[in-house]
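1. coordinates only, no sequence provided:
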């Protein structure tokens, strides 16, 4: 089954869907530097670089040809979901990218679509915006289901919450995957990666130990080396502060003269080795930007460690400058989360095909 990934970024959603059985035939990304990562990791897919608001249907069709598209997926950036009390709609200029997503679904008519977004998409203005989307999609004859999912429920060592809106053509309503009982911890996710001090590491290096659990074994599949594992060179004052924070500690362990005015939650706090990470953002290399300090080492996450927290396998290589790599990782959909949702979509589409074949045979 073939899929298109709009707003694809580096391809976290595409990777999860491919692990679920889909073939990504096209990714669409506005940022050329981010798109380089997608192209490197999905060599068999086409990549359309451009602003979706400026693209035409012919731009997509020239690349996909006459192929039937089973699934269109993507997470349109929307700016207004935190604005309480505002009746945001599809004509609101802050949400125009969502409008283009829906228009492309209408033009291409995939069997199913997947929208991934912030949880507030379902609740802002008492659900006004979501209900408007729902109305448009139902007019296109899609049966729609929505739910906020937590990444750690699907094997990801991170408590990232995302809203998923799934629609399937006709009368088949999507059933979301069940949560997994076993959670992957921070230690289980990155405990096998080489230990580094501030400023140490190389773009490519050998593993320093064997995998210790199923998660590490899966992450290391088809990868002979550790890539993107380079520690940020923290300042002397940052290292002094980090040395004062014990395992499981946070900024409350710092003396008053070392307290900063950072507004971000979890600043100068160590990750819990036996727990899950908070949402990985695009500034995970900075202790003042969130809870990104390692449980025992006096430094923040490397790109590879953050990728492990997102459930990217080690064979997935991030490209460009360090800031570009951090954008690629932090803005991605966790692949294992996408895989869980993708498997359910794939299964239900297969069931639809079987029913159609049986009806024709009858």
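-> On my side now, so go ahead. Values in this document were obtained by computation on a predicted structure and should not be read as measured data.

2. taking the mean pLDDT, what do you get for the host helix or strand of residue 340?
-> Using DSSP states H and E, the element containing residue 340 is helix 335-361. Taken as a whole, helix 335-361 has a mean pLDDT of 87.

3. other SSEs contacting it?
-> helix 12-19, strand 112-117, strand 161-169 (3 or more CB pairs under 8 Å, 6 or more residues apart in numbering; DSSP states H and E). C-beta: built from backbone N, CA, C; applies to glycine.

4. deepest-packed of these, please.
-> helix 12-19 (a mean of 26; mean count of other CB atoms under 10 Å).

5. gap between that one and the chain center?
-> The chain centroid and the centroid of helix 12-19 are separated by 10 Å, computed with CA atoms, centre = their mean, to the nearest Å.

6. next SSE downstream of it?
-> Following helix 12-19 toward the C-terminus (DSSP H and E): strand 23-29.

7. only the buried residues of that next one, if you could.
-> 24, 25, 26, 27, 28, 29 (16 or more other CB atoms under 10 Å).

8. likewise stretch 195-204?
-> Across stretch 195-204, burial judged by 16+ other CB under 10 Å covers 196, 198, 201.

9. same question, stretch 2-13
-> For stretch 2-13, using 16+ other CB under 10 Å, the buried residues are 3, 4, 5, 6, 7, 8, 9, 10, 11, 12, 13.

10. and the residue nearest to the last one when sequence neighbours are not counted, how many neighbours?
-> Spatial nearest neighbour of residue 13, excluding adjacent residues (CB to CB, 6 or more residues apart in numbering): residue 333 at 4.2 Å. When counting by other CB atoms under 10 Å, one arrives at 30 neighbours for residue 333.

11. show me the contacts for residue 333.
-> The contact partners of residue 333, taken as CB atoms under 8 Å, 6 or more residues apart in numbering, are 12, 13, 16, 75, 116, 162.

12. and what of residue 163?
-> 116, 117, 118, 119, 120, 121, 122, 146, 147, 148, 149.

13. kindly indicate which of these lies nearest residue 286.
-> residue 118 (22.3 Å; CB to CB).

14. and the gap between the closest one and residue 337?
-> Using CB to CB, to the nearest Å, we find residue 118 at a distance of 14 Å from residue 337.

15. which one of the two has more residues nearby?
-> Shown here are residue 118 and residue 337; by other CB under 10 Å, residue 337 has more neighbours (28 against 16).

16. ranges for the strands of the stretch 151-300 of the chain?
-> 161-169, 201-205, 226-230 (DSSP state E, counting those that start in this stretch).

17. and of those, who's closest to residue 212?
-> Nearest to residue 212, of the strands of the stretch 151-300 of the chain and by CB to CB, is strand 226-230 at 14.9 Å.

18. pretty sure residue 154 sits against residue 340.
-> Yes: between residue 154 and residue 340 there is a contact at 4.2 Å, judged by CB atoms under 8 Å.

19. which residues do those two both contact?
-> What both residue 154 and residue 340 touch, as defined by CB under 8 Å, 6+ apart, is the set residue 177.

20. residue 60 in helix, strand or coil?
-> Three-state assignment for residue 60 (DSSP: H, G, I helix; E, B strand; the rest coil): helix.

21. list the contacts of it.
-> Residue 60 sits next to 4, 26, 28, 48, 104, 108 when contact means CB under 8 Å, 6+ apart.

22. out of the residues you listed, which is nearest to residue 265?
-> residue 28 (32.3 Å).

23. any chance of the buried residues of stretch 195-204 in TSV, plus pLDDT and distance to residue 211?
-> Formatted as TSV, those follow (pLDDT from 0 to 100; distance: CB to CB, whole Å):
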residue	pLDDT	distance to residue 211
196	97	18
198	97	26
201	96	19
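
24. hmm, back to that, now, the buried residues of stretch 2-13 that are in helices?
-> 12, 13 (DSSP state H).

25. hang on, the earlier thing: out of the helices and strands packed on helix 335-361, which is closest to residue 208?
-> The closest of these to residue 208 is helix 12-19. By CB to CB, the value is 25.8 Å.

26. what's in contact with the closest one?
-> Here helix 12-19 has contacts from 3, 5, 8, 24, 27, 38, 41-42, 45, 71, 73-75, 114, 116, 310, 312, 316, 332-342, using CB under 8 Å, 6+ apart.

27. do stretch 203-217 as well
-> Counting by CB under 8 Å, 6+ apart, 155, 157, 184, 188-189, 191-195, 219-220, 225-230 sit against stretch 203-217.

28. report the buried residues of that stretch.
-> So, applying 16+ other CB under 10 Å, buried residues of stretch 203-217: 205, 207, 215, 216.

29. same question, stretch 143-153
-> So for stretch 143-153, counting by 16+ other CB under 10 Å, buried means 143, 144, 146, 149, 150, 151, 152, 153.

30. what's in contact with it?
-> 119, 122, 130, 134, 137-138, 158-176, 179-180, 183-184, 276, 311, 334, 336-337, 341.

31. please produce a ChimeraX select command covering the buried subset of these.
-> In ChimeraX, this line selects whichever of the contacts of stretch 143-153 come out buried by 16+ other CB under 10 Å:
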select :122,130,134,137,158,160,162,163,164,165,166,167,168,169,172,174,183,184,276,311,334,336,337,341
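
32. quick one: residues contacting the closest residue to residue 296 other than its chain neighbours.
-> Residue nearest to residue 296 in three dimensions, not counting chain neighbours: residue 247, with 5.8 Å by CB to CB, 6+ apart. By CB under 8 Å, 6+ apart, residue 247 lies in contact with 270, 273, 295, 296.
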